[in-house]
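**Student:** With the sequence up front, the predicted model follows.
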Amino acid sequence: MVSVRVEDVWMLFGNVKALQGVDLEVREGEMVTLLGPSGCGKTTLLRVISGLYKPTKGKVYFDSEDVTDKNPWERNVGLVFQDYALWPHLTVYDNIAYGLRLRKVEQREIKERVRGVARLLGIEELLDRYPHQLSGGQQQRVALARAIVINPSVMLLDEPLSNLDAKIRINVRTEIRKLQKKLNITSIYVTHDQEEALVLSDRIVVMNHGRVEQIGTPFEIYYHPKTLFVADFVGQVNIIKGRINGMDESRHLIEVDSEIGRVLVSSDQDVKSSNEVYLIFRPEMVEVSKVKPREDNESTIVEGMIDAVQFLGNILRADVAVGEKRIRVELHNPLFREKFSPQDRVFVRIPASNIRILTG
Ligand SMILES: Nc1ncnc2c1ncn2[C@@H]1O[C@H](COP(=O)(O)OP(=O)(O)OP(=O)(O)O)[C@@H](O)[C@H]1O
């Protein structure tokens, strides 16, 4: 088990700045995902960590060892790619054994280790088959087995599930997480799928334009986004522009004049004295009712009209027009709630403690 440290890494391809001063630390045994939109530099960063790319500038350390100039095989990394990259002319057994043979491991030990990981991944029955005789999910399990059989110091996975259909994807991702925890392998996982990142990670690194926007636990990233980009990229969010009107110190509240009127926000957050602010809250963090709720000192009630309703099975999602602005709301267990239809007049209660303030 090793820790990985990336220090001020830059990667330029001609005049494309794929990475612009990335700093990152992955602890021993930790599972970290690199999350961000297409082209933000996730794959490039993974390749720099694997040794497939040498960075234009900056350093990569495994524990305290500087591995920046080392080749992938000298770093002992296990790689898993989107397209499996299995040898088509080799059986599953030989595909898994490949890395061990390269390392001149003894025949008897190869047999034991291949059978061991095959058992772990539930592919013992497939060892005599060729890759074209396997489903996508089975091929990806073989690719995983091949990566872990070498006892890698670090496992690097680049969108390993994107070629699988939705159900299999969920199964394999659960297996990856279990395996990673069981073997305690330091792992870095590239995805553009926020749900995958939230489910799999000890910590998520949100990237944008070759830079790290925020590093945090799934909870921190979802509930305490530090930038508008992170708030907007991960999950659904309402972003309301406003201006700080004043502080009510005794009630620990900030008053904000916003696009949806005067809004109360908890003052237990780090707000710079900037006037222009953005209020951020998730659709599931409000209450909606056709009956006006009682006013209180801890929330804001705004009146609006249902503009659109989507039934998603376990969730009812609605857009509520408040003046010129649309607020997205989500109700869970829609069966047990009031029925809402377009044109209904409703009241939206937004608890002050559920709103984050960002300053652009
Ligand atoms: N070998 C290369 N030569 C030139 N430009 C490259 C090369 N590899 C990546 N880039 C550019 O660097 C930027 C980052 O690419 P990268 O593949 O790391 O992004 P990504 O976040 O992994 O995207 P995706 O999710 O689409 O795979 C992009 O603008 C891309 O076009």
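**Tutor:** Received the coordinates, thanks. Numbering: from 1, shown residues only.

**Student:** contacting residues around the residue in the stretch 151-300 of the chain positioned nearest to the ligand?
**Tutor:** Using Cβ to the nearest ligand atom, the point where the stretch 151-300 of the chain gets nearest to the ligand is residue 192, with a distance of 4.9 Å. C-beta here means a position set from N, CA and C on the backbone, and glycine is covered the same way. By Cβ atoms under 8 Å, 6 or more residues apart in numbering, the residues touching residue 192 are 35, 36, 37, 38, 42, 159.

**Student:** could I get those residues as CSV with secondary structure and neighbour count?
**Tutor:** Putting the contacts of residue 192 into CSV (DSSP: H, G, I helix; E, B strand; the rest coil; neighbours: other Cβ atoms under 10 Å) gives the following:
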residue, secondary structure, neighbour count
35, strand, 27
36, coil, 28
37, coil, 13
38, coil, 7
42, helix, 26
159, coil, 19
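
**Student:** Name the residues of the chain found near the ligand, please.
**Tutor:** Where the chain comes near the ligand, counting by Cβ under 6 Å from any ligand atom, the residues are 13, 16, 18, 36, 38, 39, 40, 41, 42, 43, 44, 192.

**Student:** on that earlier part again, read off the pLDDT value for the residue of the stretch 151-300 of the chain closest to the ligand.
**Tutor:** In the predicted model, residue 192 carries a pLDDT score of 90.

**Student:** residue contacts, the nearest residue to residue 284 once chain neighbours are set aside?
**Tutor:** Taking Cβ to Cβ, 6 or more residues apart in numbering, and ignoring the residues beside it in sequence, residue 284 has residue 330 as its nearest neighbour in space, at 4.5 Å. Going by Cβ under 8 Å, 6+ apart, residue 330 touches 236, 283, 284, 315, 316, 317, 318.

**Student:** Same check on residue 12?
**Tutor:** 18, 56.

**Student:** Run me through the strand neighbours of the helix or strand containing it, direction for each.
**Tutor:** Using DSSP states H and E, residue 12 falls within strand 4-13. Here strand 4-13 is paired, per DSSP bridges, with strand 16-26 (antiparallel), strand 57-62 (antiparallel).

**Student:** can you redo these as a markdown table with mean neighbour count, mean pLDDT and distance to residue 271?
**Tutor:** As requested, these are exported to a markdown table (neighbours: other Cβ atoms under 10 Å; pLDDT from 0 to 100; distance: least, Cβ to Cβ, whole Å):
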| stretch | mean neighbour count | mean pLDDT | distance to residue 271 |
| --- | --- | --- | --- |
| strand 16-26 | 18 | 97 | 26 |
| strand 57-62 | 17 | 98 | 34 |
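
**Student:** In JSON lines: the ones you listed, plus distance to residue 207.
**Tutor:** Supplementary listing: those in JSON lines, determined by distance: least, Cβ to Cβ, whole Å:
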{"stretch": "strand 16-26", "distance to residue 207": "8"}
{"stretch": "strand 57-62", "distance to residue 207": "15"}
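
**Student:** Where is the longest helix in this structure?
**Tutor:** For the chain, the helix that runs over the most residues, judged by DSSP state H, is helix 166-183.

**Student:** so what secondary structure elements neighbour that helix?
**Tutor:** Helices and strands in packing contact with helix 166-183 are listed as strand 31-35, helix 136-148, helix 194-200; criterion 3 or more Cβ pairs under 8 Å, 6 or more residues apart in numbering; DSSP states H and E.

**Student:** Please name every helix or strand in contact with the second one.
**Tutor:** Put plainly, it is helix 136-148. Applying 3+ Cβ pairs under 8 Å, 6+ apart, one finds that helix 136-148 contacts strand 77-80, helix 92-102, helix 107-120, strand 154-158, helix 166-183.

**Student:** Including mean pLDDT, could these go into JSON lines?
**Tutor:** As requested, those are arranged in JSON lines below (pLDDT from 0 to 100):
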{"stretch": "strand 77-80", "mean pLDDT": "91"}
{"stretch": "helix 92-102", "mean pLDDT": "93"}
{"stretch": "helix 107-120", "mean pLDDT": "92"}
{"stretch": "strand 154-158", "mean pLDDT": "94"}
{"stretch": "helix 166-183", "mean pLDDT": "86"}
